[in-house]
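Novice: Here is a sequence with its predicted model. Questions after.
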Amino acid sequence: MKNMLMACTALIFGAGTALADGHEIKLGVILGYTGPIESLTPHMAGGAELAIAEVSDSGKLLGGKTVIPVRADSTCIDSSAATAAAERLITADGIKGIMGADCSGVTGAILTNIALPNGMVMISPSATSPGLSTVEDNDLFFRTAPSDARQGAVMTEILMEQGITEVAVSYVNNDYGKGLSDSFASAFDAAGGTITINAAHEDEKADYTSEVAALAAAGGQRLLVLGYYGSGGSGIIRAAIDSGAFDTFHLPDGMIAEDIEENFGTEIEGSTGQVPGTDSPGAAKFAELAAAGNVNPISPFTAESYDAAALIMLAMQAAGSAEPGDYKDKVFEVANAPGEKIFPGELGKALDIIAEGGNVDYVGASSVELIGPGESSGNYRQIEIRNGKIETVQFR
């Protein structure tokens with residue numbers, strides 16, 4: 001499998017031209033390889049490319065097609081750069097689907113400006129803004145990650161169970177931060193909690209002293225940092241610790257990164273958070289595949305990336321076509337019951353079942369169940385910083 005990934009990478013970066021016999025299908029893998037979540041995207045891309053390699057190795061997609069991943073940089077925060085990258089994937093590379101994008105703002109921009117007018121299917125593993133649930137998409141857009149409408153409720157449950165009823169909130173000033181802040185505020189207020197301050201912060205500032213001063217003045221039992229760890233989120237935490245304003249935090253999915261152990265460790269002992277995840281049989285099977293492919297299976301949104309790529313390819317098989325206009329209506333069909341349950345490592349089996357006229361219920365690595373406008377119903381891994389390390393507490 002690792003050899004397959006190396007071969008794919010060589011093709012992407014110009015080692016050869018597309019085969020003349022049309023046996024290649026290209027999939028865009030558009031993620032923030034630079035920007036505030038760049039520490040997460042290698043594993044996210046790796047997860048998607050594990051699924052792509054698995055399908056290609058099987059030789060069972062649409063009579064033996066080979067799938068080639070083509071990476072493009074969303075930057076996570078620059079919508080102009082992200083849309084330009086997506087347009088190149090379609091016009092220059094000839095992709096037949098997009099695994100991505102990642103951050104909510106750039107995902108919405110690509111959907112509205114590029115995918116929709118070009119009739120391109122997108123399945124995002126990590127764009128969580130509630131606003132994406134109602135955006136016009138012509139049934140082209142799906143998410144294997146849950147909406148932050150669900151995450152806000154989960155955050156409230158965790159805090160209330162710990163007796164945390166009064167909090168300060170700092171959120172990144174973009175679609176992701178504002179959507180999550182609104183979702184949390186609604187759920188926390190309904191549960192009887194008090195938000196002492198709900199203030200926006202800008203990403204990539206050199207100094208967050210003034211923002212933290214306002215948070216400290218308002219007070220609270222815990223500071224919620226609703227942002228990106230690789231940018232302003234970690235800056236808020238550092239300023240809060242150094243000033244003595246707060247020493248425990250609650251962190252959502254955008255803030256859960258391995259670097260937090262090295263950079264903060266016991267300084268934020270007892271801090272809590274949540275990130276999409278499950279302890280299902282599919283998660284265990286994915287962990288085995290990921291280990292063989294040098295991918296971290298519990299890095300945020302890695303399992304969801306595997307599932308997003310898998311759903312695109314299974315939908316193609318169900319439609320008998322790699323054209324987005326043909327297979328977009330098959331995504332729900334392969335993702336949900338009825339049908340034989342399909343787990344990581346079983347994509348070849350699923351392709352056989354579909355080719356023979358049967359139905360599959362893709363469970364995948366993240367317990368996929370699509371609801372409403374094509375988004376995950378939502379499972380979360382609750383974490384806590386214990387002895388300076390990220391520890392899993394439970395799943396919700």
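Specialist: That came through fine.
Novice: Just give me the residue right at the centre of this structure.
Specialist: In the chain, the centroid-proximal residue (Cα atoms, centre = their mean) is Ser126; its distance is 2.0 Å.
Novice: now the closest residue to it other than its chain neighbours: how far from Pro276?
Specialist: Among residues not flanking Ser126 along the chain, Phe301 sits closest, at 4.1 Å (Cβ to Cβ, 6 or more residues apart in numbering). C-beta: built from backbone N, CA, C; applies to glycine. Counting by Cβ to Cβ, to the nearest Å, the gap from Phe301 to Pro276 is 7 Å.
Novice: what do you get for Thr112?
Specialist: 24 Å.
Novice: quick one on the thing from earlier: for the residue nearest to the centre of the chain, what are its contacts?
Specialist: Shown in contact with Ser126 (Cβ atoms under 8 Å, 6 or more residues apart in numbering): 44, 102-103, 145, 253, 300-301, 304-305.
Novice: Go again with 6 Å.
Specialist: 102, 145, 301 (Cβ atoms under 6 Å, 6 or more residues apart in numbering).
Novice: Now do the strands in the stretch 1-150 of the chain.
Specialist: Assigned by DSSP state E, counting those that start in this stretch, the strands in the stretch 1-150 of the chain fall at 24-31, 66-73, 98-100, 122-124, 141-146.
Novice: Same question for the stretch 201-350 of the chain.
Specialist: Using DSSP E, counting those that start in this stretch, strands in the stretch 201-350 of the chain cover 222-226, 249-251, 272-276, 340-342.
Novice: just checking, what packs against the last one?
Specialist: Read it as strand 340-342. Strand 340-342 makes packing contacts with strand 360-362 when contacts are defined by 3 or more Cβ pairs under 6 Å, 6 or more residues apart in numbering; DSSP states H and E.
Novice: Now with 8 Å, please.
Specialist: Applying 3 or more Cβ pairs under 8 Å, 6 or more residues apart in numbering; DSSP states H and E, we find strand 340-342 packed against helix 347-355, strand 360-362.
Novice: For the last one, which strands pair with it and how are they oriented?
Specialist: Spelled out, it's strand 360-362. Partners of strand 360-362 in the sheet, by DSSP bridges, are strand 340-342 (parallel).
Novice: ok so, going back, any chance of JSON lines for the strands of the stretch 1-150 of the chain, columns mean pLDDT, distance to Thr134 and mean neighbour count?
Specialist: Shown next, in JSON lines, are the strands of the stretch 1-150 of the chain (pLDDT from 0 to 100; distance: least, Cβ to Cβ, whole Å; neighbours: other Cβ atoms under 10 Å):
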{"stretch": "strand 24-31", "mean pLDDT": "98", "distance to Thr134": "22", "mean neighbour count": "26"}
{"stretch": "strand 66-73", "mean pLDDT": "98", "distance to Thr134": "26", "mean neighbour count": "22"}
{"stretch": "strand 98-100", "mean pLDDT": "98", "distance to Thr134": "20", "mean neighbour count": "33"}
{"stretch": "strand 122-124", "mean pLDDT": "98", "distance to Thr134": "15", "mean neighbour count": "29"}
{"stretch": "strand 141-146", "mean pLDDT": "97", "distance to Thr134": "11", "mean neighbour count": "26"}
